[in-house]
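Q: structural data only, the sequence is not supplied:
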């Protein structure tokens, strides 16, 4: 089954938005890119013994929610890649809100029992509220570890936890199993955030986080942990657009332990996920196990090449 085609068809038949060409074109265009995260409700649905068709309303809800969140986030973050540069701020804001509302409408249109439908609806609405709170925290730019993890909990952990929870719920899983899947999803969301933070901090040219002086995890580490190059790193951050500045700053991220710390955080969460999967009574545990392994496999590969054995237990805080 092509979940992207099925989801596009499901969303395209939503009342009101079906006659809104711009809404339809944005959704259809993004669907053709086959976003990986849209598969999450299907994966959790299959993991608990359901079939992929059962998860389509959840995929539609998560897809619409994600599009709406990104449209609004990009404006708030002044992201140069945001659609508001093409659409204009007003239209992008309106579409962002519409897509989030459409995520709830996607659930209301399901033919599942009312009690289950309300549970799915409540969870999705709570996620949207949580992400909004997290975005408000994020635009204030967290300056310490506690504030950083609060943002992650409200945004990434909430979104991914809900995406997997919805699939398990529509797949007919029990309350205990759906809760286990949601716990898995929250940790998975944290892993995704750490992975994205590392990637954004170490790629070239300097991305929005560097340019706008934001603080993803590796940059936050280098800014607040006491290390010999801390003063120099802060100077580089203030002049990141200068030639060779980014390369020197990235080298400091490696030398001061920021990259290693992020890897440690990934592995901690992977360990916790393994414990959840060991105790969860899933029909197909391997589906979720592979999902988590996709994020940490590059780390294991580097360890194998270098002949390094990870140390356990690993540090859990910047201090």
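A: Good, I have the coordinates. No experiment lies behind these values; they were computed from the predicted model shown.

Q: for residue 37, give me its contacts.
A: Neighbouring residues of residue 37 by Cβ atoms under 8 Å, 6 or more residues apart in numbering: 62, 66, 160, 163. Yep, even glycine has a C-beta here, placed from its N, CA and C like the rest.

Q: and with 7 Å instead?
A: Listed by Cβ atoms under 7 Å, 6 or more residues apart in numbering, the contact set of residue 37 reads 66, 163.

Q: what of residue 23?
A: 17, 95, 98.

Q: just residue 246 next, same as before
A: Residue 246 is in contact with 204, 205, 206, 210, 240, counting by Cβ under 7 Å, 6+ apart.

Q: could you count how many residues lie near the second one?
A: Right, the one you point to is residue 205. For residue 205, the neighbour count with other Cβ atoms under 10 Å is 9.

Q: how near is the residue nearest to it when sequence neighbours are not counted to residue 253?
A: Leaving aside its sequence neighbours, residue 205 sits nearest to residue 246 (Cβ to Cβ, 6 or more residues apart in numbering; 6.9 Å). The gap separating residue 246 from residue 253 is 10 Å, by Cβ to Cβ, to the nearest Å.

Q: over to residue 38?
A: According to Cβ to Cβ, residue 38 stands 32 Å off from residue 253.

Q: repeat for residue 213
A: Residue 213 is 15 Å from residue 253, by Cβ to Cβ.

Q: neighbour count winner among the two?
A: The neighbour comparison of residue 213 against residue 253 (other Cβ under 10 Å) goes to residue 253, with 22 against 13.

Q: and the more buried one, how far is that from residue 197?
A: For residue 253, the distance to residue 197 - Cβ to Cβ - is 11 Å.

Q: now the common contact residues for those two.
A: residue 218.

Q: once you drop chain neighbours, what's closest to residue 210?
A: Closest to residue 210 by Cβ to Cβ, 6+ apart is residue 240, at 4.7 Å.

Q: next, count neighbours for that neighbour.
A: As a burial measure, residue 240 scores 17 neighbours (other Cβ under 10 Å).
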